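sequence first, then the predicted structure, then my questions.
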Amino acid sequence: MTTDEDWERRIAAAWAAIDEHDDEAFRALIDGLAGEVPDGHPVAAFERACAFDSTGRPDLAEPLYREALAGGLPGERRRRAVIQLASTIRNLGRPLESIDLLTAERDRGSDHLDDAVSCVLALALTDAGREREAVAVAVGALAGHLPRYQRSMAAYARALAEPEV
C-alpha cells in the first residue's frame, strides 16, 4: 500500500489529536500508521521523524528526515521535511547547516510555506550570531502580510540585510 485518502485522513486525525496522547503513545500511534506503508517508503520515514521531533527527540528525527528526503519524498512533504530538518539541526546546535539548507530551499521556488522557511531561517541566523540579518528575514516575511506599509517594510528589510559600512 502507498498512501491513499483513507490513510491520509487517519494520519491527519492522529496529528490533530497529538495533545491527547503522551509522547510514547503518540510515537506508537504514528509508528503503527507508518507501518502500513511499504518498508523504505519516504512518507513513513517522514511521519516517524515528525513524531520524534514533536515529542522532543530531535536526535532520532534527524536521520529519518534525511532518509525521507534521500528516498524522494514527494510533494509538500518534501518542503516540510527540509524546514523541519533545518529546525531540528538548529536545535541540535548546528545553525550554520540549518542556514545552508534553508537558503538552498528559498532558492528552489516559492509556495505557501515560504514564511515557515523564513521563520526558521531567522532563528538559525540568530543562533549563528547574525541577528541583523535575522531581523531582515523576519521583517521581509512579515511585510507581505501587513495591511499597509508593505513597500516600506520590504525596503527596510533589504536595508537591514545590507552589510554595515
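Noted; the coordinates are in hand. Numbering: from 1, shown residues only.

would you mind splitting this structure into its domains for me?
1-73, 95-165 (automatic domain parsing).

make a markdown table from these and add mean pLDDT, distance to I83 and mean neighbour count to it.
Using the backbone N, CA and C atoms, a C-beta is placed for each residue, glycine as well. Shown next, in a markdown table, are the domains of the chain (pLDDT from 0 to 100; distance: least, C-beta to C-beta, whole Å; neighbours: other C-beta atoms under 10 Å):
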| stretch | mean pLDDT | distance to I83 | mean neighbour count |
| --- | --- | --- | --- |
| domain 1-73 | 95 | 10 | 16 |
| domain 95-165 | 92 | 5 | 16 |
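
out of the ones you listed, which comes closest to L85?
For the domains of the chain, distance to L85 was read as C-beta to C-beta. The smallest value, 4.0 Å, belongs to domain 1-73.

how far does the closest one sit from its chain's centre?
For domain 1-73, the distance from its own C-alpha centre to the chain's C-alpha centre is 14 Å (C-alpha atoms, centre = their mean, to the nearest Å).

wait, which of the domains of the chain is closest to T88?
Among the domains of the chain, the nearest to T88 by C-beta to C-beta is domain 1-73 (4.3 Å).

what helix or strand is D39 on?
Per DSSP states H and E: D39 is located in neither a helix nor a strand.

same check, this time on H112
Under DSSP H and E, no helix or strand contains H112.

list the residues that contact it.
H112 sits next to no residue when contact means C-beta atoms under 8 Å, 6 or more residues apart in numbering.

follow-up on the earlier one: tell me which of the domains of the chain lies nearest to V82.
Between those, domain 95-165 lies closest to V82; by C-beta to C-beta that is 4.9 Å.

list the residues that contact R130.
With C-beta under 8 Å, 6+ apart, R130 has no contacts at all.

dihedrals phi and psi, it?
Main-chain torsions, R130, degrees, to the nearest 10: phi -110, psi 60.

possible to save the domains of the chain as TSV with distance to A81?
Below are those laid out as TSV (distance: least, C-beta to C-beta, whole Å):
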stretch	distance to A81
domain 1-73	5
domain 95-165	10
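
could you point out the longest helix in the protein?
Looking across the chain with DSSP state H, the single longest helix is helix 75-91.

out of the domains of the chain, which is closest to R79?
domain 95-165 (5.2 Å).

run the chain-centre distance for that closest one.
Remark: domain 95-165 is offset 15 Å from the chain centroid, using C-alpha atoms, centre = their mean.
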